[in-house]
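Enquirer: Just the structure for this:
(chains A and B)
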Amino acid sequence: MTSELCYLSVAEAGTLLKSKQLSPVELTSAFLGRVEAIDSRIHSFVLVTAEEALRQAKVAEREISSGRYRGPMHGIPIGLKDLIETAGIRTTAHSRVLIDHIPVEDAAVVSRLKEAGSVLLGKLGCLEFAHGSPSPDQAWPPVRNPWNPEHGFTGGSSTGSATAVAAGLVMGALGTDTGGSIRNPASFCGIAGLMPTYGRVSRRGVIPYSFSLDHCGPMAWTAEDCAIMLQAIAGYDPDDFGSADVPVPDYAAGLNEGIRGMRIGVIRYFYESHLSSADETRRTFEAALQELAQLGAVLEDVKLRELEDYDDCKVIISEAEFFAVHEKDLLERLEEYGANLRFRAVPGGLIRAVDYIQAQRQRRKLAAEMQTLFAGYDAMVTLCTYGPAPKMSADEPTHFFQRPNLTAVFNVTGNPAISICTGFDRIGLPLAMQIVGRPFDEATILRTAHAYEQATPWRRRRPSLA
Amino acid sequence: MADQNHQPSEEEIALMLSRSGLTIPPEQLERCRAVVARLEAAARRLRKDLKRNDEPASVFLIRRQNP
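Expert: Numbers count the residues shown, from 1 in each chain, chains lettered A, B, ... in the order given. Below you'll find the model as predicted:
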């Protein structure tokens, strides 16, 4: 029964909670039991807040029982990437540098999820400051992929968020995305991960990696669940300088309208020189395109700039900004950072001011070109990663830079993008595609993703961790 | 920056880091070097197509204040 409850979607559980067929306390207890039983194999949590979770669940139960139902997140057990500050609850960014950091205030997204009535199960592991890689000198063991914990890299950096959702340890989670850190682990763990438009979701209280490129967004089993979570966290925040004062639509309203007649641009050339035509990932993507066409979408190849152009721009901006954020600590306590982050972070201090400015100038051009091109399309699709999750490696600080990133394109341009599962490889690891939308049009990519998920069997398979 | 194939030596990197106030052990410099080379290559390439009046994405946007 426990796994049945824990494998409900947010939408399914919300219906049961609203109709009082399911109690928030029962649901929360089931998740806490599963975390206790399973998480030692995948290490998705860095902190389980069981007592607080049960307290919040009891409050939700009282409110729902007395007719004060807050909406579809009410009583839903969630987790937060440990980069997102929580008042009175340790927030480490998965680093020894912040090992004793207890924030005074909640991040804006945490406040909004509390207002929506969700239940916080705990803080989830990530790559150190959203930028490191698994390193044996860190305070917690690396998060492992639930589809194959021994093989297991989970991508980065919202690793615990993706893992916990896939393993049924939380119903939904928040992650952050500066170059793909929601979409990449979502891809490797077979879940849905949405990076909203830059400015759509407040970053206030999210420990920064790169101010220009940081996004915060939902990660859940389905696109529909991402829509529900986005509804709870989206909206203008005057205390976030990057926040956009743009109305938030009802994301659930058009979710079931289908994609017939939708114009979708297909970006193949990003990966074609890296993957043979027989490659499993590539073939799976082609099958997903056929499915979209079957659903009535009109597909057309589209060409943007070279992938490297976006990647160069992203890397210069993010590395310089990361160094700026961490300069004091890097100078005073470098040894407290994990070894694999040190090698990445330190060179950021060598980027010249003029190079950073040229990258910001190039960014404006790239974003403008993208929005012009989008006039002809409702959405675009491409691969999310070059393949399934690679083997866990504890000693590869530079592999991150070796091949242009397929996700960072849209951090540079600011467009929303969602990663969804498109099948599994021959050893059972998930594969994924990215669906990209116009600025502030998350509704269209959620609708596309939902239509695809409804038409395919991939949401019916879970990792076997029992 | 003129030499497209320039790979900074460990000594050059150590010197540049010391100007930034950072000292890292010699055995760790090799791994830094790969990242520095990647950043330098990116910095060289991203200048293409920029015109004199192209503004950076980070230009400050002041918000109107209520009187």
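Enquirer: I'd like the distance between A:A57 and chain B.
Expert: Noted for A:A57: a distance of 40 Å to chain B, by C-beta to the nearest C-beta, to the nearest Å. Glycine gets a C-beta too; all of them are placed from N, C-alpha and C.
Enquirer: What count of nearby residues applies to that residue?
Expert: By the criterion of other C-beta atoms under 10 Å in any protein chain shown, A:A57 has 24 neighbours.
Enquirer: That one belongs to a helix?
Expert: Yes. Under DSSP: H, G, I helix; E, B strand; the rest coil, A:A57 falls within a helix.
Enquirer: I figured it was touching A:V119, is that so?
Expert: Yes. In this structure A:A57 lies within contact range of A:V119 using C-beta atoms under 8 Å: 5.0 Å.
Enquirer: any shared contact partners between those two?
Expert: Shared contacts of A:A57 and A:V119, defined by C-beta atoms under 8 Å, 6 or more residues apart in numbering or on different chains, comprise A:P24, A:T28, A:G75, A:P77.
Enquirer: Could you find the closest non-adjacent residue to the first one?
Expert: Counting by C-beta to C-beta, 6 or more residues apart in numbering or on different chains, A:P24 lies nearest to A:G75, which is 3.3 Å off, once chain neighbours are set aside.
Enquirer: Who are the contact partners of the one you found?
Expert: By C-beta under 8 Å, 6+ apart, the contact list for A:G75 reads A:13-14, A:17, A:24, A:27-28, A:57, A:60-61, A:64, A:117-119.
Enquirer: Can you add secondary structure and give those residues back as TSV?
Expert: Output for these, formatted as TSV (three-state DSSP):
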residue	secondary structure
A:A13	helix
A:G14	helix
A:L17	helix
A:P24	helix
A:L27	helix
A:T28	helix
A:A57	helix
A:A60	helix
A:E61	helix
A:I64	helix
A:G117	coil
A:S118	coil
A:V119	strand
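Enquirer: now, which of those sits nearest chain B?
Expert: Chain B has its nearest neighbour among these in A:S118, at 31.3 Å by C-beta to the nearest C-beta.
Enquirer: mind checking pLDDT for that closest one?
Expert: pLDDT, A:S118: 98.
Enquirer: Tell me which residues touch it, please.
Expert: A:Q56, A:M73, A:H74, A:G75, A:I76, A:P77, A:I78, A:G172, A:A232.
Enquirer: And the second one, its phi and psi?
Expert: Its backbone dihedrals place A:M73 at phi -100, psi 0, with angles given as degrees, to the nearest 10.
Enquirer: pretty sure it is in contact with A:V10, am I right?
Expert: Yes. Counting by C-beta under 8 Å, A:M73 does reach A:V10; the two are 7.3 Å apart.
Enquirer: which of these two has more neighbours?
Expert: More crowded of A:M73 and A:V10, by other C-beta under 10 Å: A:M73, with 28 against 25.
Enquirer: I'd like the distance between that one and B:R52.
Expert: Distance of A:M73 to B:R52, computed by C-beta to C-beta, to the nearest Å: 50 Å.
Enquirer: Can you tell me which residues in the stretch 101-250 of chain A are near chain B?
Expert: Within the stretch 101-250 of chain A, the positions lying close to chain B (C-beta under 8 Å from any C-beta of the partner chain) are A:S212.
Enquirer: in chain A, which spans are strands?
Expert: When assigned using DSSP state E, the strands of chain A occupy the ranges A:45-48, A:77-81, A:119-124, A:172-177, A:192-195, A:215-220, A:263-266, A:298-301, A:379-383, A:417-424, A:430-437.
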